[in-house]
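Peer 1: Here you go, sequence then predicted model.
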Protein chains: 2
Amino acid sequence: MDKIRIGIVGYGNIGKAVEKAIGQNADMEIAAILTRRPPELIKPKTQGLQVDLIDNALKYRDQIDVAVLCSGSAKDLPEQGPAMAAIFNTVDSYDTHARIPQYFDELDLVSRNAGKTAVISTGWDPGLFSLLRVIEESVLPVGSAYTFWGPGVSQGHSDAVRQLEGVQDARQYTIPIKAAVEKVRQGGEPQLPTREKHLRDAYVVAEEGADREKIAKDIQSMPNYFADYETKVIFISQAEMDKDHAEMPHGGFVMRNGKTAEGYRHVIEFSLKLESNPAFTASVLLAYARAAFRMNREGNIGAKTVFDIPAAYLSMRTGAELRREML
Amino acid sequence: MDKIRIGIVGYGNIGKAVEKAIGQNADMEIAAILTRRPPELIKPKTQGLQVDLIDNALKYRDQIDVAVLCSGSAKDLPEQGPAMAAIFNTVDSYDTHARIPQYFDELDLVSRNAGKTAVISTGWDPGLFSLLRVIEESVLPVGSAYTFWGPGVSQGHSDAVRQLEGVQDARQYTIPIKAAVEKVRQGGEPQLPTREKHLRDAYVVAEEGADREKIAKDIQSMPNYFADYETKVIFISQAEMDKDHAEMPHGGFVMRNGKTAEGYRHVIEFSLKLESNPAFTASVLLAYARAAFRMNREGNIGAKTVFDIPAAYLSMRTGAELRREML
């Protein structure tokens, strides 16, 4: 069988991880990297791989079965998503929650016109966590839903700290409060205010001579990001930052407590513990790239989310194998 | 919108639970109960509900949108499954693993000929656990899979003990060994022999004058069922059995340890803690009944498993709502 030819659009953390992850998927091969940067600056791991400008994407129309969009949601995907979905089947991890419906509609229109399939907003949250929220609610319609994130590095919160005066570098860890997770596991549908669900630890490298007390106060009082949480600020050296905080672990829990009609209580829990957020995200993106390819081959075009995709489309196994070995 | 009219076929533990669970699904209503027993012996909870013989099923062809098959897998479903799938959209919890491929093929043929949709082998295992096994493997293709069952009552093992000489009543609990679950959570892909994964506790009411030592030995040496496990046998009175062991709790864990290409380790875990196995199974069956109804309306006929069904079809929410609120 011909392999699914994967194009990588955007060669940052996730793009690099996608390139490596292709080797774990026997039915896939890498076709090209498309980038906004001067292509000669990109040094892919794959020998002899084509690297070109995104603006030349049209040239790769017949060489790429699915383009995995690995750029950021804030500025890049709103532009690149529609542009790429007009040329290729695509999969992305668009995560600006408030704009997802609009992004879906845009990609749906563009991809339908082009006869392509565009899987949006996958990865683990949005992505697997969203999928589990829907499955859990569907099988236990009367109940309460809970999502905990971490322990792990929050990119957005780390960036917010880095913007502060006197901060040279920062890394923020979101930590689910064990007692809260345990309470949910007990099944009684507890009410959990924000402060009781997560802690935030900020590791900060201060600039020389900076006012550390002020930095700590600035962080702890930052609205939306930290003010509603118990936030610890820990000052470290740049050497410690580089040595101890280079990895990007993450994870979390999607849980549901509910009652069936007779009053019986049930607890459903899904959790991830990831040593590397981009590596796992890349791995999920490729499973959904397989789905985009297969759905498109069957004429199932337009924008799709994790809610629209049967698990069989994610798997390398055939339907008969799945029924025999996995059911 | 018209409600989905549910027919219940077989009015045992699961059938009764399905009847109650319909009230938690605002888009469903109950249409009829079909039974092998004399209909006048059935006392449904719903006032004035039609109860009739399965043999008269054809009369209900236009009154039932989805028939939920609640009979046993050993003897009833192999016969009732194909018979009902020729008349109605169906959903069942067929769980004789070795015969699933054949059962799928039979129902696929029959339901296609009738223009119906037949969802087979759902509930939680087979069902949600199977679904999670496939999702976990697809997003983490290099790794090891683990399923733990319990703590909970195993019907099959309880029945096996009840067959023994001198046993008046029995209830068997399967208990996952915490240290093993914890080892998997640590992520190192441990090798776990059968004896290190589960314990078995058998609560037994002995007949008067029976040889308890012999009963215990008979249980502990029973091949396939108990010989490979550490099995505790606890003798109790019938009064204690009726008082303390009337419920049917169950649950378990579907876990995967894996490595992405760079060597990063990841742990995925899905777990259920159920106060009542039949109540939860019934709730899952109804979510898949919704899917069967919708797929059939779209012309997607034939036999389906949990692997073939997008999560959106399980949910009472619209696609737009799901994207806005759950993604």
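Peer 2: Cool, the structure landed.
Peer 1: residue contacts, A:I14?
Peer 2: By Cβ atoms under 8 Å, 6 or more residues apart in numbering or on different chains, A:I14 lies in contact with A:70, A:93, A:278, A:281-282, A:285. Using the backbone N, CA and C atoms, a C-beta is placed for each residue, glycine as well.
Peer 1: Any chance of CSV for those residues, columns distance to A:Y173?
Peer 2: Output for those, formatted as CSV (distance: Cβ to Cβ, whole Å):
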residue, distance to A:Y173
A:C70, 24
A:S93, 21
A:P278, 16
A:T281, 18
A:A282, 22
A:L285, 24
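Peer 1: Of the residues you listed, which belong to helices?
Peer 2: Judged by DSSP state H, these include A:278, A:281-282, A:285 as members of helices.
Peer 1: Please list which of those residues are also close to chain B.
Peer 2: Restricting the ones in helices among the contacts of A:I14 to those within reach of chain B (Cβ under 8 Å from any Cβ of the partner chain) leaves A:A282.
Peer 1: So which bits of stretch A:226-243 are buried?
Peer 2: Judged by neighbour count (16 or more other Cβ atoms under 10 Å in any protein chain shown), stretch A:226-243 contains these buried residues: A:226, A:229, A:231, A:233, A:236, A:241.
Peer 1: wait, which of the contacts of A:I14 is closest to chain B?
Peer 2: Nearest to chain B among the contacts of A:I14: A:A282, at 7.3 Å, using Cβ to the nearest Cβ.
Peer 1: Just confirm that closest one contacts A:Q24, I think it does.
Peer 2: No - look at A:A282 against A:Q24 with Cβ atoms under 8 Å: they stay out of range, at 9.9 Å.
Peer 1: Give me the helix or strand of chain A that scores worst on average pLDDT.
Peer 2: helix A:155-162 (a mean of 92; mean pLDDT, DSSP states H and E).
Peer 1: what angle separates whichever helix or strand comes after it from helix A:155-162?
Peer 2: For helix A:155-162, the following helix or strand on the C-terminal side (DSSP states H and E) is strand A:167-176. Put simply, strand A:167-176 runs at 140 degrees to helix A:155-162, going by axes from the mean of the first three to the mean of the last three Cα atoms, to 10 degrees.
Peer 1: burial of the nearest residue to A:V91 once chain neighbours are set aside, as a residue count?
Peer 2: What sits nearest to A:V91 in space, not counting adjacent residues and going by Cβ to Cβ, 6 or more residues apart in numbering or on different chains, is A:V119, at 4.3 Å. Counted by other Cβ atoms under 10 Å in any protein chain shown, the residues lying close to A:V119 total 32.
Peer 1: surely A:V119 meets A:A291?
Peer 2: Yes - A:V119 lies in contact with A:A291 (Cβ under 8 Å); the separation is 6.4 Å.
Peer 1: re earlier: overlap in contacts of A:A282 and A:Q24?
Peer 2: B:T260.
Peer 1: partners of whichever strand or helix holds A:I8 in the sheet?
Peer 2: Here A:I8, judged by DSSP H and E, is contained in strand A:4-9. Note on strand A:4-9: by DSSP bridges, its sheet partners are strand A:28-35 (parallel), strand A:66-69 (parallel).
Peer 1: Next, the buried residues of the longest one.
Peer 2: Think strand A:28-35. Buried, per 16+ other Cβ under 10 Å, within strand A:28-35: A:28, A:30-35.
Peer 1: ok, the residue nearest to A:V91 - contacts?
Peer 2: A:V119 neighbours (Cβ under 8 Å, 6+ apart): A:90-92, A:288-289, A:291-292, A:303-306, A:309.
Peer 1: Do you know the pLDDT at A:G188?
Peer 2: Reported pLDDT at A:G188 in the predicted model: 89.
Peer 1: For it, grab the count of nearby residues.
Peer 2: Neighbour tally, A:G188, other Cβ under 10 Å: 12.
Peer 1: and the helix or strand harbouring A:L109, anywhere near chain B?
Peer 2: Counting by DSSP H and E, the element that carries A:L109 is helix A:100-114. Yes - Helix A:100-114 is in contact with chain B by Cβ under 8 Å from any Cβ, via A:100-101, A:104.
Peer 1: Show me what that helix is packed against.
Peer 2: helix A:77-85, strand A:89-92, strand A:117-119, strand A:302-304, helix B:319-325 (3 or more Cβ pairs under 8 Å, 6 or more residues apart in numbering or on different chains; DSSP states H and E).
Peer 1: Deepest-packed of the ones you listed, please.
Peer 2: strand A:117-119 (a mean of 31; mean count of other Cβ atoms under 10 Å in any protein chain shown).
Peer 1: list the contacts for the closest residue in space to A:G12 that isn't next to it in sequence?
Peer 2: Spatial nearest neighbour of A:G12, chain neighbours left out: A:C70 (6.4 Å); criterion: Cβ to Cβ, 6+ apart. The neighbours of A:C70, taking Cβ under 8 Å, 6+ apart as the test, are A:8-12, A:14-15, A:18, A:93, A:282, A:285.
Peer 1: Show me just the buried residues among those.
Peer 2: If we count by 16+ other Cβ under 10 Å, these have these buried: A:8-11, A:14-15, A:18, A:93, A:282, A:285.
Peer 1: which residue ranges form the strands in the stretch 201-327 of chain A?
Peer 2: A:230-235, A:250-259, A:265-274, A:302-304 (DSSP state E, counting those that start in this stretch).
Peer 1: most remote residue from chain A's center?
Peer 2: Within chain A, A:E262 marks the point farthest from the mean C-alpha position, 38.2 Å out by Cα atoms, centre = their mean.
Peer 1: In the stretch 101-250 of chain A, what residue lies closest to chain B?
Peer 2: A:S138 (3.8 Å).
Peer 1: A:E213 versus the most centrally placed residue in chain A, what's the distance?
Peer 2: By Cα atoms, centre = their mean, chain A has its centre lying nearest to A:G123, at 3.8 Å. Note on A:G123: its distance to A:E213, by Cβ to Cβ, to the nearest Å, is 38 Å.
Peer 1: quick one: buried residues of stretch A:148-157?
Peer 2: Applying 16+ other Cβ under 10 Å to stretch A:148-157 flags A:148-155, A:157 as buried.
Peer 1: How many residues are close by A:G299?
Peer 2: Neighbours of A:G299 (other Cβ under 10 Å): 8.
Peer 1: List the contacts of it.
Peer 2: Here A:G299 is in contact with no residues (criterion: Cβ under 8 Å, 6+ apart).
Peer 1: what does the stretch 51-200 of chain A put close to chain B?
Peer 2: Residues of the stretch 51-200 of chain A lying near chain B (Cβ under 8 Å from any Cβ): A:97, A:100-101, A:104, A:121, A:126, A:128, A:130-135, A:137-142, A:185, A:187.
Peer 1: Of the residues you listed, which count as buried by neighbour count?
Peer 2: Using 16+ other Cβ under 10 Å, the buried ones in these are A:97, A:100, A:104, A:121, A:126, A:128, A:130-135, A:137-141, A:185, A:187.
Peer 1: In helices, which of those appear?
Peer 2: A:100, A:104, A:128, A:130-135, A:137-139, A:185.
Peer 1: Next, give me the two most distant ones among those residues.
Peer 2: A:F104 and A:R185 (33.8 Å; Cβ to Cβ).
Peer 1: Do I have it right that A:R112 meets A:I301?
Peer 2: Yes - A:R112 lies in contact with A:I301 (Cβ under 8 Å); the separation is 5.6 Å.
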